[in-house]
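Peer 1: with the input below, show me the fold.
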Amino acid sequence: MRPITSRILIADDHQAMRQGVRTLLESHADFQVVGEAADGREALNLAVETKPDIAILDYSLPLMNGLELTRAIKHELPRTEILIYTMHDRESILIDVLRAGARGYVLKSDSGVHLVSAAKALAKRKPYFSGAISETLLEHFIDTNHSTDKSIMLTAREREIVQLIAEGKLNKQIAHMLGISVKTVETHRAAAMHKLKLRTTAELVLYAVRNNIVEP
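Peer 2: Numbering: from 1, shown residues only. The predicted model follows:
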């Protein structure tokens, strides 16, 4: 009996990486790639349109990073499984995306076998973490005395606007992209800076880099 084909969405801002992942997955008859996206907003729109079984997301996506995209997809499509495929092995990122709803985490430095194994596991609604990540998770749960991330204080909209500001977008551009008024952008920006006790845009950008909201 032929296995059920899992429909997959790939989001990565590097075209060569997307093509490599697509080629690897489509060499297996039980996977079908239904869409590719180069940024987080495009990925969210494609996910809503195609309703994939699995979304394979890079963490460092422009416009909406992998963490915010995971939250958004799980909100819109609770049945879609999320696999983070990234070069980042930082514990803070790993824990954040798992809390947001991701159930798989594979490093780009791992062999392609891990990526395929992860996709197969998620297709069966089972979690999957490559070896180094499993060790990181174990260490985290052994040592639960970890500090609270200040970014939890921000709302989803505030984090979204902080990322866009840190990526160099102007208030008017952000307002157009999000479909809100410039005044609303300014209100969210001011609220975020007040909560984080920041006074300048430079400090906001530094905060975004230090808290893995954008790449340096």
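
Peer 1: what pLDDT is listed against residue 111?
Peer 2: We have a pLDDT of 84 for residue 111.

Peer 1: do the same with residue 77
Peer 2: At residue 77, the predicted lDDT confidence score is 95.

Peer 1: right, and it touches residue 51 too?
Peer 2: Yes - using Cβ atoms under 8 Å, residue 77 is in contact with residue 51, at 6.1 Å. Yep, even glycine has a C-beta here, placed from its N, CA and C like the rest.

Peer 1: got the contact list for residue 121?
Peer 2: Counting by Cβ atoms under 8 Å, 6 or more residues apart in numbering, residue 121 makes contact with 104, 127, 128.

Peer 1: err, residue 81, not the other one
Peer 2: Residues in contact with residue 81 (Cβ under 8 Å, 6+ apart) are 53, 54, 55, 103, 104, 122, 123, 125.

Peer 1: check it and give its pLDDT.
Peer 2: 95.

Peer 1: bridging residues for it?
Peer 2: Beta bridges link residue 81 to residue 54, judged by DSSP bridges.

Peer 1: and it, how far from residue 188?
Peer 2: Noted for residue 81: a distance of 31 Å to residue 188, by Cβ to Cβ, to the nearest Å.

Peer 1: helix or strand for residue 106, which one?
Peer 2: Per DSSP states H and E: residue 106 is located in strand 104-107.

Peer 1: now do residue 208
Peer 2: helix 201-210.

Peer 1: for that helix, packing partners?
Peer 2: The contact analysis (3 or more Cβ pairs under 8 Å, 6 or more residues apart in numbering; DSSP states H and E) places helix 201-210 against helix 156-166, helix 182-196.

Peer 1: winner for burial among these?
Peer 2: helix 156-166 (a mean of 21; mean count of other Cβ atoms under 10 Å).

Peer 1: and that one, how far from the chain's centre?
Peer 2: Averaging C-alpha positions (Cα atoms, centre = their mean, to the nearest Å) puts helix 156-166 14 Å from its chain's average.
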